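Novice: got a structure for you, letters missing:
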């Protein structure tokens, strides 16, 4: 079975925790958080019923999370016209370090853009830190 990309509701939770721990290390020079705190954060905040975030995961045939994205639908403060007022905020797109260069980021971005279109979004906002060494890859995924 090839890679699958879907909105996370149930599934490889432990593998997602592993990926979230790796993401933390990516932003904090390799320092990994307490696994239990990431599990609690995932359960109580990221997946809480009132959380605006939706997690999108890419998994392999063994249910290992290869990468993920965090998205939120929002409304424009500027545009009020029908068809111009809905937006998608791409909070994070992360591919596990051992999966980079294998099309995971492209698969996630393709899913995200289709999700945005399906929900009537006129744009996808994706802030990226200026120091990100993978900026050229991000540009290839549609980032400007």
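Specialist: Received it, and whenever you're ready, just let me know what you need. Keep in mind it's a predicted model, so treat the numbers as computed, not measured.
Novice: residue ranges for the strands of the chain, please.
Specialist: Using DSSP state E, the strands of the chain run over residues 4-7, 54-59, 65-75, 86-95, 123-125.
Novice: wait, residue 108 sits on residue 69?
Specialist: Yes. Counting by C-beta atoms under 8 Å, residue 108 touches residue 69, with 4.9 Å between them. Just so you know, the C-beta spots here come from the backbone N, C-alpha and C atoms, and that holds for glycine as well.
Novice: hey, which of the strands of the chain is tucked in deepest?
Specialist: strand 54-59 (a mean of 22; mean count of other C-beta atoms under 10 Å).
Novice: residues making contact with that strand?
Specialist: 3-8, 11-12, 15-16, 46-47, 65-72, 95, 104, 107-108, 111-112, 115 (C-beta atoms under 8 Å, 6 or more residues apart in numbering).
Novice: swap the cut-off to 6 Å and go again
Specialist: Around strand 54-59, the neighbours that count as contacts under C-beta atoms under 6 Å, 6 or more residues apart in numbering are 3-5, 7-8, 12, 65-71, 104, 107-108, 111.
Novice: Give the residues shared as contacts by residue 108 and residue 69.
Specialist: Here residue 108 and residue 69 have residue 93 as joint contacts, going by C-beta under 6 Å, 6+ apart.
Novice: Quick check: residue 7 vs residue 47, distance?
Specialist: 11 Å (C-beta to C-beta, to the nearest Å).
Novice: Could you do residue 116 as well?
Specialist: 21 Å.
Novice: roughly how far apart are the nearest residue to residue 92 once chain neighbours are set aside and residue 84?
Specialist: Once flanking residues are discounted, residue 92 sits nearest to residue 70: 4.4 Å by C-beta to C-beta, 6 or more residues apart in numbering. Look at residue 70 and residue 84: by C-beta to C-beta, they are 24 Å apart.
Novice: so who does the residue most central in space within the chain touch?
Specialist: By C-alpha atoms, centre = their mean, the chain has its centre lying nearest to residue 69, at 0.8 Å. Contacts of residue 69 were listed using C-beta under 6 Å, 6+ apart, and they are 56, 93, 108, 112.
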